[in-house]
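>>> Return a 3D structure for these sequence lines:
(one chain, ligands or ions: 1)
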Amino acid sequence: MNETGTKQDELVKSRDLACFSNFGDASLQEEGLRSQCAHLIETSWERCVSEYKLDRSRHKGPEIVTAVEYRSAADPLDLLTHVARPHIERLLGRLSSSPYVVMLSDPNGIALDVLGDSPPDKAMRRMGVCTGALWGEDFAGTNGIGTSLATRSPVTIHRDQHFFPSYEGLTCTAAPIFGSDGEIIAALDASSIADLPHEMQFFILDLVMRTTRHIERSYFLERNRDRTILRVEAGLARAEEGVGLMLALGDDGCPLEIYDGHRPGSPMLDRQRIIGNPLSGFLEITWQDASPPPGENADAFVERIGIAHVKDTGQPCFASMITPKRRRSLGKPAKPSSQALAVKRPTLGKNGGLDLDTLAGRDPVMGNNVQTVRKLVDKRLPILLHGETGTGKEEFARGIHEAGRRANGPFVVIDCSSIPENLIESELFGYEAGTFTGARRGGRTGRIAEANGGTLFLDEIGDMPLTLQTRLLRVLAEGEVVPLGTAKPIKVDFNVICATHRDLAEMAADGRFRQDLYYRLAGIRLNLPPLRDRADRADVILGALAIEAAQMEFDAPPRLSDEALEILLAQTWPGNMRELRLAMRYALACTNEAEIAPERLPHWLKTGPEKKCEAPRTTAPAADDLEDVLMRNDWCVSDAASELNVSRQTLYRWLKRQNIERPE
Ligand SMILES: Nc1ncnc2c1ncn2[C@@H]1O[C@H](COP(=O)(O)OP(=O)(O)OP(=O)(O)O)[C@@H](O)[C@H]1O
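Predicted coordinates:
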């Protein structure tokens with residue numbers, strides 16, 4: 001039945017509406033807010049009918065944007081998504097008594113990141129609680145994300161308050177996220193299919209609002225991580241909450257950006273007057289002695305505190321000046337103390353690999369990765385690791401496996417780039433006896449089935465041929481493998497971790513990788529930073545030296561001289577951890593003294609800051625030279641590829657072209 005016209009109008013008017021609003025109001029009085037904001041949903045319904053011309057009886061169901069649209073929405077918000085993750089996880093932790101899924105959307109309502117204690121079930125996914133779903137009010141009608149974006153207000157849309165009946169199973173609580181210029185940059189939504197009492201919804205709205213504040217603040221600080229931040233708070237209590245005014249100062253001491261934590265959506269300050277002008281024009285500050293700022297990690301910042309007076313009003317405020325120490329370490333990481341220079345062997349996991357905490361080190365990006373993994377490792381979410389060659393994707397995957405419940409099960413690695421295309425199918429799926437000439441007599445259990453009860457690690461997944469992607473998709477969807485030459489499926493159950501150095505989303509967008517497989521594999525996407533970008537480079541270098549020294553059975557491993565460490569810190573490390581490990585092995589092999597001098601470092605490292613990193617080689621060396629490199633690296637293709645500064649695929653291609661095979 002078509003509910004347009006009068007009936008729909010009646011429905012619009014007769015809603016028993018309840019929502020909560022007024023972002024700046026600290027005294028969240030449930031009753032007051034309900035009546036104050038009832039019109040938000042009512043006007044949203046009116047917009048749906050008269051402005052968007054939506055018809056309640058003609059909803060086609062959730063719209064999932066294309067991969068290209070998804071990427072163009074997600075890419076500009078990469079940093080925000082990254083910064084928001086730990087806050088969303090904290091929110092989920094507080095909501096864990098109810099089955100909530102949290103979505104972060106872009107300003108048009110495209111769901112960019114979807115997180116929950118368990119992945120959204122089928123019913124929720126069918127309602128559009130999934131990555132890539134479009135929640136804009138003009139398309140999806142009255143709903144949490146769409147209506148909070150349209151009204152610039154936090155809002156709870158409970159069940160039949162949704163415009164379209166297909167969303168009536170959901171209760172959605174959402175709030176906009178504002179940039180420092182007062183523009184909406186995203187929205188945060190917590191949705192549940194549980195029928196929660198009103199008091200609970202009120203509590204959740206409060207949590208969602210607080211979380212958006214934390215995200216806004218972290219986003220501001222992250223974008224201005226290299227700048228001095230001046231905070232001005234009306235009182236110490238507020239300073240501790242971190243909701244006051246923050247000004248990012250340029251080198252000349254003038255504000256470049258302002259974040260108003262009290263009223264992010266409608267800032268009270270006249271930005272035009274303040275930005276680019278000396279602080280003394282509007283603030284008079286008397287600085288006190290130095291001490292750590294309230295509620296901040298004293299390690300991360302040096303600090304001044306003082307009393308500020310706003311010139312116009314004379315109002316006294318608490319001021320704090322935060323200078324990020326990190327700024328000094330960006331170009332060149334701070335040298336560890338000589339104490340730290342003593343080589344210490346990093347902790348190894350159960351199977352001799354590096355454990356997650358060691359892999360995280362003191363790098364904030366890796367720290368976040370590990371936090372995410374620890375929280376979600378046993379939630380049956382496939383993990384997609386992205387990073388340049390040698391950044392430690394496989395090592396990280398092993399760490400994840402060992403941190404999960406299936407740690408005692410097998411960890412099966414399939415390198416999709418190194419198995420010849422004509423063999424990959426039988427290798428992965430196995431085959432029945434007598435399926436084809438050359439097959440083993442007794443048949444073969446495929447590698448996928450071998451991972452049963454453990455973890456399947458698909459390395460270089462971007463290199464998997466399209467035809468096999470279809471079969472892999474079926475395995476993942478149905479939880480069973482059908483070996484070649486048989487119709488009998490084998491049930492399998494494992495965690496899936498994939499890795500790639502390619503842009504899989506882009507490949508999916510232009511048809512080189514199946515989109516449905518991409519979405520199935522990318523449950524959790526983690527970026528492993530290249531070594532040159534790690535904040536804890538010095539620690540990683542010393543850790544690698546310690547591991548190699550232990551493997552080479554040094555009783556008393558030599559220490560790195562200060563000059564040698566300087567040189568290592570200045571490298572760009574195109575081969576990342578792999579290259580570093582090789583360099584350390586080389587240096588140890590060449591050193592008889594107690595200290596590694598710069599001359600003991602490998603010749604391929606750049607010894608002067610003026611030398612730039614070599615561009616990857618494009619032409620193949622002569623066959624003899626290739627063989628020499630391989631022999632030097634014990635025929636380890638990865639190590640040989642890093643010595644040659646090319647990818648493994650390139651090296652495989654050269655070997656094939658020159659008919660070079662590993663000797664028996
Ligand atoms: N944090 C670390 N400290 C020391 N060594 C590490 C670290 N992370 C990884 N490694 C070592 O670096 C080498 C390369 O790591 P790994 O194979 O995991 O990288 P990858 O990203 O999977 O490489 P590829 O892109 O070539 O597949 C391995 O020998 C691994 O043990």
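>>> Every contact and neighbour count from this point should use C-alpha atoms.
OK.
>>> Could you check the longest helix along the chain and say which residues are buried?
For the chain, the longest helix by residue count, based on DSSP state H, is helix 198-223. By 16 or more other CA atoms under 10 Å, the buried positions in helix 198-223 come out as 201-202, 204-221.
>>> And for stretch 171-186?
Within stretch 171-186, the residues that count as buried by 16+ other CA under 10 Å are 171-182, 184-186.
>>> Quick check: the farthest pair among these?
Thr171 and Asp181 (30.5 Å; CA to CA).
>>> residues in the stretch 501-650 of the chain within reach of the ligand, list them.
Within the stretch 501-650 of the chain, the positions lying close to the ligand (CA under 6 Å from any ligand atom) are 540, 544, 577-578.
>>> Can you add neighbour count and pLDDT and give those back as CSV?
Putting those into CSV (neighbours: other CA atoms under 10 Å; pLDDT from 0 to 100) gives the following:
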residue, neighbour count, pLDDT
Val540, 22, 93
Ala544, 24, 92
Met577, 20, 93
Arg578, 20, 89
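>>> I'd like those as TSV, with secondary structure appended.
Conversion of these to TSV gives the following (DSSP: H, G, I helix; E, B strand; the rest coil):
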residue	secondary structure
Val540	helix
Ala544	helix
Met577	helix
Arg578	helix
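>>> Run a quick neighbour tally on the residue nearest to Ala583 when sequence neighbours are not counted.
Excluding the flanking residues, the one nearest Ala583 by CA to CA, 6 or more residues apart in numbering is Pro602, at 6.0 Å. The tally of other residues near Pro602 (other CA atoms under 10 Å) stands at 16.
>>> Ala594 too?
Close neighbours of Ala594, defined as other CA under 10 Å, add up to 12.
>>> Kindly report the same for Arg662.
12.
>>> go on, Ser50?
Close neighbours of Ser50, defined as other CA under 10 Å, add up to 11.
>>> before we move on, what about Gly314?
12.
>>> Is Asn149 in a helix, a strand, or coil?
Wrong residue type there; residue 149 is Leu, not Asn. Using three-state DSSP, the structure places Leu149 in helix.
>>> residues contacting it?
Contact partners of Leu149, counting by CA atoms under 8 Å, 6 or more residues apart in numbering, are 107-109, 136, 175-176, 184, 187.
>>> Is it possible to get a markdown table of those residues that adds secondary structure?
A markdown table is the format used below for those (three-state DSSP):
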| residue | secondary structure |
| --- | --- |
| Pro107 | coil |
| Asn108 | coil |
| Gly109 | coil |
| Gly136 | coil |
| Ala175 | strand |
| Pro176 | strand |
| Ile184 | strand |
| Ala187 | strand |
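>>> which residues in the stretch 501-650 of the chain form helices?
Applying DSSP state H, counting those that start in this stretch to the stretch 501-650 of the chain gives helices spanning 504-509, 515-521, 537-551, 562-569, 576-590, 623-632, 637-644, 648-657.
>>> And those helices: which comes nearest Asn143?
Asn143 lies closest to helix 515-521 among the helices of the stretch 501-650 of the chain, at 24.1 Å (CA to CA).
>>> From the contact counts, what lies against the closest one?
When contacts are defined as 3 or more CA pairs under 8 Å, 6 or more residues apart in numbering; DSSP states H and E, helix 515-521 packs onto helix 466-478, strand 495-500, helix 504-509.
>>> what's the distance between that helix and the middle of its chain?
In terms of CA atoms, centre = their mean, to the nearest Å, the centre of helix 515-521 is set 17 Å apart from its chain centre.
>>> Then stretch 626-635?
That offset, for stretch 626-635, works out to 37 Å (CA atoms, centre = their mean).
>>> pull the CA atoms of it into CSV?
This file holds the C-alpha atoms of stretch 626-635, laid out as CSV (Å, rounded to 0.1, in the frame of the first residue of the first chain):
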residue,chain,number,x,y,z
LEU,A,626,71.5,-12.8,-9.8
GLU,A,627,72.8,-16.2,-8.8
ASP,A,628,75.5,-14.6,-6.7
VAL,A,629,72.9,-12.5,-4.8
LEU,A,630,70.7,-15.5,-4.2
MET,A,631,73.6,-17.6,-3.0
ARG,A,632,74.7,-14.9,-0.7
ASN,A,633,71.2,-14.9,0.8
ASP,A,634,70.9,-18.7,1.1
TRP,A,635,68.4,-18.7,-1.8
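>>> Next, the residues that contact it from outside, please.
With contact meaning CA under 8 Å, 6+ apart, stretch 626-635 is reached by 636-637, 639-640, 643, 660, 662.
>>> hmm, try it at 10 Å
Stretch 626-635 is contacted from outside by 582, 620-625, 636-641, 643-644, 651, 654-655, 658, 660-663, using CA atoms under 10 Å, 6 or more residues apart in numbering.
>>> avg pLDDT for it?
Confidence for stretch 626-635, expressed as mean pLDDT, is 81.
>>> Listing request: residues of the stretch 1-150 of the chain with sub-threshold pLDDT.
Scanning the stretch 1-150 of the chain for pLDDT under 70 picks out 1-37, 67-68, 96-97, 117-120.
>>> what residue ranges in the stretch 151-300 of the chain are flagged as low confidence?
Counting by pLDDT under 70, the stretch 151-300 of the chain has low-confidence residues at 198-199, 234-243, 262-270, 289-300.
>>> what does this structure put close to the ligand?
Counting by CA under 6 Å from any ligand atom, the chain sits next to the ligand at 359, 388-395, 540, 544, 577-578.
>>> from these, which two are the most distant?
Maximum distance among the residues of the chain next to the ligand (CA to CA): 18.1 Å, for Glu388 and Ala544.
>>> one step back: what's the closest of the contacts of Leu149 to Glu427?
Among the contacts of Leu149, Gly109 lies closest to Glu427 (CA to CA), at 42.8 Å.
>>> care to break the chain down by domain?
Using automatic domain parsing, the domain ranges for the chain come out as 5-221, 224-328, 356-527, 531-600, 623-657.
>>> Now do the strands in the stretch 301-450 of the chain.
Taking DSSP state E, counting those that start in this stretch as the test, the strands found in the stretch 301-450 of the chain are 301-310, 316-324, 383-386, 411-415, 430-431, 444-445.
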